[in-house]
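In: Need a 3D model of the sequence below.
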Amino acid sequence: MKQLDLEKTRTLIKYFIKKYRITNILLAISGGQDSIYLIKILETLKKQLNLQASYIYIDHQWKKTSKQQVKHVINYIKLIKSQIIVYQINKITLSEDECRKCRYNIIIQHAAKYKFQLIITGHNATDYIETFMQNLIKGSSIESLSNLAIKSKVFYDILMLRPLIKLNRDKIYWICKKFYLPIWSDSTNYLYRIQRNRIRQELIPYIKKYLHKNIENNIKSLLINHHYQNEYIKQSVIKLYIKSQHNKRAAISYKKINTQNFILQIKIIQLFCFDNFQIHLENSKIIKVINSINSKSISSPRIITYNNFNFFINNSWFYLSIKT
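Out: The predicted structure follows:
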């Protein structure tokens, strides 16, 4: 069964490469089982499909063994006669969010600079579940609860693929052991001050043992439902936004907005603000705008002021303008 998973992953990547006519690939690696597993697959496909592929490693230097891990990764890439680029982060931090943002920025900028068409990462199904639980704890929106898609567009003509997103960590580990792949054991996975590690090592095992043994499968089903619900909401918002737009000015018809469901009103205003001025309005501000729009008696045309922008109502239109 696990051998079949290996073939499915290889087939998925191969299909994606052919569909989008990919010739140049950048694989983000960590030295862990997910990235080592992907290196094995990619090295096979390079010969079959005549691909150009390179590897990128981001060293946050937050571990005592960082130098040894870098050497391990470089030695393995040299052994398979491929190329690797290593970036070292001078500012050391244990904030996972900061590291993730920094890592993604470096990878995307590197891909853009050197004309890579596709970025591949090693996110797996277990990562997906852990990310969901982290976002749930933070009180994130429905988009954030299901934000790890198999593929996405990250920058102009650069695509990102997560081919392991349906595979659990234990299956990947089994395949790596079967092929004697050199997995690096990351000591930071056992630092409990990192929230993800507590979720992985304590919270999920506790829920599986005492509350529900199929919690991981249940979360996967929930995320699938979230995805389709979110897609439906997105399509509805775009349709309503287009219908309510002013044909000349940066304005939308608030009479068409205030008849909609509350969540659609929030999303339409968010889209309006971002589409015209690339600003992300806080939920508290959006709710204040909606309450003003839905109010039967509007005392003042100006609703709120946010940074350098004024939000106001005139006749049946909701406007956003820059302060003068």
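In: Could you work out the end-to-end span of stretch 59-70 for me?
Out: 7 Å (Cα to Cα, to the nearest Å).
In: Please enumerate the helices of the stretch 51-200 of the chain.
Out: Assigned by DSSP state H, counting those that start in this stretch, the helices in the stretch 51-200 of the chain fall at 66-79, 96-113, 125-138, 142-145, 169-178, 195-198.
In: and what of the stretch 201-324 of the chain?
Out: 204-210, 215-244, 254-257, 262-277, 283-294.
In: lowest-confidence stretch among those?
Out: Among the helices of the stretch 201-324 of the chain, helix 283-294 carries the lowest mean pLDDT, a mean of 78.
In: Format the helices of the stretch 51-200 of the chain as CSV; extra columns: mean pLDDT.
Out: Shown next, in CSV, are the helices of the stretch 51-200 of the chain (pLDDT from 0 to 100):
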stretch, mean pLDDT
helix 66-79, 89
helix 96-113, 87
helix 125-138, 87
helix 142-145, 63
helix 169-178, 88
helix 195-198, 88
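In: For Phe309, which of the ones you listed is the nearest?
Out: helix 142-145 (23.2 Å; Cβ to Cβ). In this view, the C-beta of every residue, glycine as well, is placed from N, C-alpha and C.
In: In this structure His60 contacts Ile89, no?
Out: Yes - using Cβ atoms under 8 Å, His60 makes contact with Ile89 at a distance of 4.9 Å.
In: JSON lines for the helices of the stretch 201-324 of the chain, including distance to Lys19 and mean neighbour count?
Out: Listed next are the helices of the stretch 201-324 of the chain as JSON lines, based on distance: least, Cβ to Cβ, whole Å; neighbours: other Cβ atoms under 10 Å:
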{"stretch": "helix 204-210", "distance to Lys19": "35", "mean neighbour count": "13"}
{"stretch": "helix 215-244", "distance to Lys19": "21", "mean neighbour count": "14"}
{"stretch": "helix 254-257", "distance to Lys19": "39", "mean neighbour count": "19"}
{"stretch": "helix 262-277", "distance to Lys19": "29", "mean neighbour count": "18"}
{"stretch": "helix 283-294", "distance to Lys19": "38", "mean neighbour count": "16"}
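In: Leaving out sequence neighbours, find the closest residue to Asn168.
Out: Spatial nearest neighbour of Asn168, chain neighbours left out: Ala125 (5.0 Å); criterion: Cβ to Cβ, 6 or more residues apart in numbering.
In: Which among the helices of the stretch 201-324 of the chain is found nearest to Lys71?
Out: helix 204-210 (32.4 Å).
In: what sits up against that closest one?
Out: Here helix 204-210 makes contact (Cβ atoms under 8 Å, 6 or more residues apart in numbering) with 129-130, 133, 215-216.
In: which stretch among the helices of the stretch 201-324 of the chain comes nearest Gln117?
Out: With Cβ to Cβ as the criterion, Gln117 lies closest to helix 215-244 of the helices of the stretch 201-324 of the chain, at 25.3 Å.
In: now for that closest one, which elements pack on it?
Out: Judged by 3 or more Cβ pairs under 8 Å, 6 or more residues apart in numbering; DSSP states H and E, helix 215-244 is in contact with helix 125-138, helix 142-145, helix 204-210, strand 251-253, helix 254-257, helix 262-277.
In: how about the first one: buried residues?
Out: Right, helix 125-138. Neighbour counts over helix 125-138 (16 or more other Cβ atoms under 10 Å) mark 125-135 as buried.
In: Residues in contact with stretch 228-244: which ones?
Out: Here stretch 228-244 makes contact (Cβ under 8 Å, 6+ apart) with 142-143, 146, 252-253, 256-257, 260, 263-264, 267-268, 271-272, 275.
In: which ones are touching the residue nearest to Asn168?
Out: Each residue near Ala125 by Cβ under 8 Å, 6+ apart is listed here: 164-169, 216, 220.
In: The same query, at a cut-off of 6 Å, please.
Out: Contact analysis of Ala125 by Cβ atoms under 6 Å, 6 or more residues apart in numbering lists 166-168.
In: ok, and the most crowded of these?
Out: The residue in those with the most neighbours, by other Cβ atoms under 10 Å, is Leu167 (21 neighbours).
In: Without its sequence neighbours, what residue ends up closest to it?
Out: That would be Asn124: by Cβ to Cβ, 6+ apart, it lies 5.3 Å from Leu167.
In: That neighbour and Gln88, how far apart?
Out: Going from Asn124 to Gln88 by Cβ to Cβ, to the nearest Å gives 26 Å.
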